[in-house]
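Participant: Here's my sequence, what's the structure:
(2 chains)
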There are 2 protein chains.
Amino acid sequence: MAEKPLGERFALLTDLYQLTMAACYFDQDMHDEATFSLFIRKYPDHRGYFVAAGLEEALNYLATLRFTEEDLAYLESTGLFQTRFLDFLKTVRFTGEVFALPEGGIFFKDEPLLEVTAPIIEAQLVETFIINAMSLQTLIATKASRSVHAAQGRPIVDFSLRRTQGTDAGLKVARASYLVGFLGTSNVLAGKLYDIPIFGTMAHSYITSFKDEIEAFRVFAKNFPNITTLLIDTYDNYVGARKAAEVAREMESRGQRLRAVRLDSGDIAEISKKVRQILAEEGVGYAKILASGGFDEYKIARVLAAGGEVDQLAVGTKMGVSADAPYFDIAYKMVKYAGRPVMKLSTGKRTLVDQKQVFRFYDDQGNMARDVIALRQEELPGGQPLLEKVMDRGRVTKQLPDLKQSRDYFASQFTSLPQAYKDIENPAAYPVSLSAGLEKLQSRIEQEILERELGES
Amino acid sequence: MAEKPLGERFALLTDLYQLTMAACYFDQDMHDEATFSLFIRKYPDHRGYFVAAGLEEALNYLATLRFTEEDLAYLESTGLFQTRFLDFLKTVRFTGEVFALPEGGIFFKDEPLLEVTAPIIEAQLVETFIINAMSLQTLIATKASRSVHAAQGRPIVDFSLRRTQGTDAGLKVARASYLVGFLGTSNVLAGKLYDIPIFGTMAHSYITSFKDEIEAFRVFAKNFPNITTLLIDTYDNYVGARKAAEVAREMESRGQRLRAVRLDSGDIAEISKKVRQILAEEGVGYAKILASGGFDEYKIARVLAAGGEVDQLAVGTKMGVSADAPYFDIAYKMVKYAGRPVMKLSTGKRTLVDQKQVFRFYDDQGNMARDVIALRQEELPGGQPLLEKVMDRGRVTKQLPDLKQSRDYFASQFTSLPQAYKDIENPAAYPVSLSAGLEKLQSRIEQEILERELGES
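Facilitator: Next up, the predicted model:
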């Protein structure tokens, strides 16, 4: 049984004010085109760069947006809307244009990651879903890429599913972390839906359900000899390591090899050193050490800096909810309406007017050097335009890359980002400036609004 | 088109290790009953109590759990599992028993909010989903109830949808915040699905799409005269307040009344005082003041303490992701297997053994006084048992309350919780102890494990 298209399932997954504002526009025959720009207003701490993600979901939604009879019946039942408007809503489809950063694209402060241009009712109605779809995956891709960086080449796997904020987040976290270089996920459904490699070890409950720890190890090794990672901290890491070594030798006698032992609690740097020594003493030094338990980029960096003997990492909750910055102050703001650039002046919330393009300049070694935010029609010689047109008249116009292609794209981008911007604790601020054209328009519009609305001159 | 039952859609929304462990149990003919206990291991800061939520989703999943042919085909494609096990998985249904706190029930440190007893494979397989389902709503209900408390009776509405961690979270946040006393939500789909009142105002983009702010106000008042809340901070709050007053007087002449003005930026305490004065001066003192913009329980308390003239509140992102504590260290741990109480000793992660009951004792005024965590079969005279049997042999055995009934239940519970435990910044620690029976069993099992696994005595 196929699910309904995203845009039908979620036409009502919007804020009520989108519908009441739409009714006002409809009443006033306001059907001119508006451009909305999606950008992060405030930098969370410690982030030197961001990774755009979630575009495919946003476009799927836009391409299939439709209010069903059931939706319209519900809206009618609220008593808020006139029949004439509900009849109009029945016909609403998204017919606009979308410019966006490619999936996995790296961006910086103040830069739009997506711009929508459409008749104002359509462009406004989709605000809530667009923000919801783009912000989570962008948040997680950004956070997860920091773990990948901190791990210095060690494989990392996503173990966050149980603690993500809901089921949708569980899937999106697996996807976004894979996008930025995780080896895979424990999330089986994500493995199925997105073709992501799946991994797992065993739980403490598995160990405690057997009378003896070593018996639990033996049964697992017998059933899964090619993927055996033994959890050794249920009772005592060092006793557990000796038992794992015993099972490893039994596996050797059957021509098999223990893949790894897993540490999940305590002082991982210290414990891992001693476990490494025990595994060597026991003649099974080939067995890797997997560490888990409260890891994120900060703990990875700390444990490795302390000489932790860790070969593989499982990262869970703190990455899966982006614990140190669990949301972006991300906004979708109107920047143009009916050919007229617009902005608001609310304290601390100024927006950059008009349709834009972001140009990236590289140095002679091919490293990212600086970005310029410009008006869309400007041309900046030597700069690479980052926003691509991905939708026109409501249809996807560009063959979107699959997840593995986007993963490769991110990896190549990340290579060209200088180390200073990747620092976990104190990243340098990447240079982003406004073009002369945008600066000039911005000043002019601000002055016009002050005069018109506040009587200043 | 009806969606597939939850347990079919999400049978694979689990960690791979649940399936590999299940295969081991199957291989060993381990089908004895296990009991798992769901509890929070570590208290996040500033929380004096918790609110259990999400039970209905968990039970829906358990009652409909089934691996589809497509799921099994995917598992087969991984090459990890034997056909015999996959044939067995096809037949798996949840046939166990669930004890749980009622939806909206208040609980404290170390107390289980749910216990599952079932053949070990079933009880283990459902771990990931059960944690995912219960933790988010419990997290948000707990957080949101703090905003309700801080608002001292002022109505609060959920505006978080755009920034929640995904679509599922968006719906669950609307539901969980309504459960603990929010007046309603901006989330239209949540309104439809859960019969929650929906609310909205207008966006800055709405204002800027008109040539003049007052024109935007007039059009809204014309179209929605019964629910007009005018956003006045787009250009300048005080100029905006005077324009809103002008529109209010125009509404009066048509026999209508402006409901409220909305402040969304700046120093809300200061601005609201001056706006109150302006509204009074303009003769429309009946118009309420709605405040929004980065509110959570801390900001609500701060603004009200500073004398903010706020009548209604909209709470968004920070509640919707529980920003100051975006996850619970919540665990689902095996506490009994095949009649044998079990535990693990990993550093900092000890569990309370066996099937349990929580007894609550009230003082003479009917206020919550203390709780005792006991063995399930213990009887503690004068104590009210909190965990109820809600599922038996895989079927829901108790008519679950609807959302409004659960909302009333929470409200009545919250009234009987003394103020000291509700403090936003420094709540007192509610007294929770272990019964003599549980203490004794806990010691005995710990000693037995030390002897058996570590050779200590």
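Participant: Nearest the middle, which residue of chain A would you pick?
Facilitator: A:Gln137 (2.4 Å; Cα atoms, centre = their mean).
Participant: just checking, it is part of a strand?
Facilitator: No: under the criterion used here (DSSP: H, G, I helix; E, B strand; the rest coil), A:Gln137 is helix, not part of a strand.
Participant: Can you give me every residue that contacts it?
Facilitator: By Cβ atoms under 8 Å, 6 or more residues apart in numbering or on different chains, the residues touching A:Gln137 are A:53-54, A:57, A:172, A:175-176, A:179. For every residue, glycine as well, the C-beta is placed using N, CA and C.
Participant: For stretch A:66-81, buried residues please.
Facilitator: A:66-67, A:71-72, A:74-75, A:80-81 (16 or more other Cβ atoms under 10 Å in any protein chain shown).
Participant: Nearest to chain B among the residues you listed?
Facilitator: Closest approach between those and chain B, by Cβ to the nearest Cβ: A:Tyr74, at 4.4 Å.
Participant: Sticking with the closest one, tell me its helix or strand.
Facilitator: Element membership for A:Tyr74 (DSSP states H and E) is helix A:69-77.
Participant: Which strands and helices lie in contact with that helix?
Facilitator: Secondary-structure packing of helix A:69-77 (3 or more Cβ pairs under 8 Å, 6 or more residues apart in numbering or on different chains; DSSP states H and E): helix A:83-91, helix B:188-194.
Participant: which residues of chain A score low on pLDDT?
Facilitator: A:1-2, A:345-349, A:453, A:455-457 (pLDDT under 70).
Participant: picking up where we left off before, dump the helices and strands packed on helix A:69-77 to TSV, plus mean neighbour count and distance to B:Lys344.
Facilitator: Output for those, formatted as TSV (neighbours: other Cβ atoms under 10 Å in any protein chain shown; distance: least, Cβ to Cβ, whole Å):
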stretch	mean neighbour count	distance to B:Lys344
helix A:83-91	14	56
helix B:188-194	21	38
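Participant: quick check: domain ranges of chain A?
Facilitator: A:6-140+A:327-454, A:150-320 (automatic domain parsing).
Participant: ok, and which of the ones you listed has the densest surroundings?
Facilitator: domain A:150-320 (a mean of 22; mean count of other Cβ atoms under 10 Å in any protein chain shown).
Participant: Quick one: end-to-end length of it, please.
Facilitator: One end of domain A:150-320 sits 16 Å from the other (Cα to Cα, to the nearest Å).
Participant: and what of stretch A:284-304?
Facilitator: 22 Å.
Participant: A:Gly7: what's it in contact with?
Facilitator: Here A:Gly7 is in contact with A:60-66, A:94 (Cβ under 8 Å, 6+ apart).
Participant: just curious, which of those is nearest to A:Phe129?
Facilitator: A:Tyr61 (5.4 Å; Cβ to Cβ).
Participant: So that closest one: helix, strand or coil?
Facilitator: Per three-state DSSP, A:Tyr61 ends up helix.
Participant: show me the contacts for it.
Facilitator: By Cβ under 8 Å, 6+ apart, A:Tyr61 lies in contact with A:6-7, A:10, A:126, A:129-130, A:133.
Participant: if we can go back for a sec, find the pair from the buried residues of stretch A:66-81 with maximum spatial separation.
Facilitator: Maximum distance among these (Cβ to Cβ): 20.4 Å, for A:Arg66 and A:Leu80.
Participant: Name the residues of the stretch 1-150 of chain A found near chain B, please.
Facilitator: Counting by Cβ under 8 Å from any Cβ of the partner chain, the stretch 1-150 of chain A comes close to chain B at A:1, A:3-4, A:10, A:12-21, A:23-25, A:27-28, A:30, A:34, A:36, A:71, A:74-75, A:78, A:80, A:120, A:124, A:127-128, A:131-133, A:135-136, A:139.
Participant: Just give the nearest non-adjacent residue to A:Val358, would you?
Facilitator: A:Leu386 (4.5 Å; Cβ to Cβ, 6 or more residues apart in numbering or on different chains).
Participant: Can you tell me how far that neighbour is from chain B?
Facilitator: 24 Å (Cβ to the nearest Cβ, to the nearest Å).
Participant: Surely that residue touches A:Ile106?
Facilitator: No: A:Leu386 is beyond contact range of A:Ile106, at 9.1 Å (criterion: Cβ atoms under 8 Å).
Participant: So which residues on the stretch 251-400 of chain A come close to chain B?
Facilitator: Checking the stretch 251-400 of chain A against chain B by Cβ under 8 Å from any Cβ, the hits are A:264-266, A:317-318, A:320-323, A:326-330, A:332-334, A:337, A:342-349.
Participant: Could you dump the domains of chain A into TSV with distance to B:Val188 added?
Facilitator: As requested, the domains of chain A are exported to TSV (distance: least, Cβ to Cβ, whole Å):
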stretch	distance to B:Val188
domain A:6-140+A:327-454	4
domain A:150-320	17
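Participant: Could I get the full set of helices for the stretch 51-200 of chain A?
Facilitator: For the stretch 51-200 of chain A, the helices defined by DSSP state H, counting those that start in this stretch cover A:55-64, A:69-77, A:83-91, A:120-125, A:127-150, A:167-179, A:188-194.
Participant: quick one: contacts of the last one?
Facilitator: Think helix A:188-194. Here helix A:188-194 has contacts from A:161, A:170-171, A:174-175, A:178, A:184-185, A:196-198, A:403, B:10, B:12-16, B:19, B:71, B:74-75, B:78, using Cβ under 8 Å, 6+ apart.
Participant: ok, back up a step: closest one to A:Tyr238 out of the contacts of A:Gly7, please.
Facilitator: Using Cβ to Cβ, these come closest to A:Tyr238 at A:Asn60, 51.2 Å.
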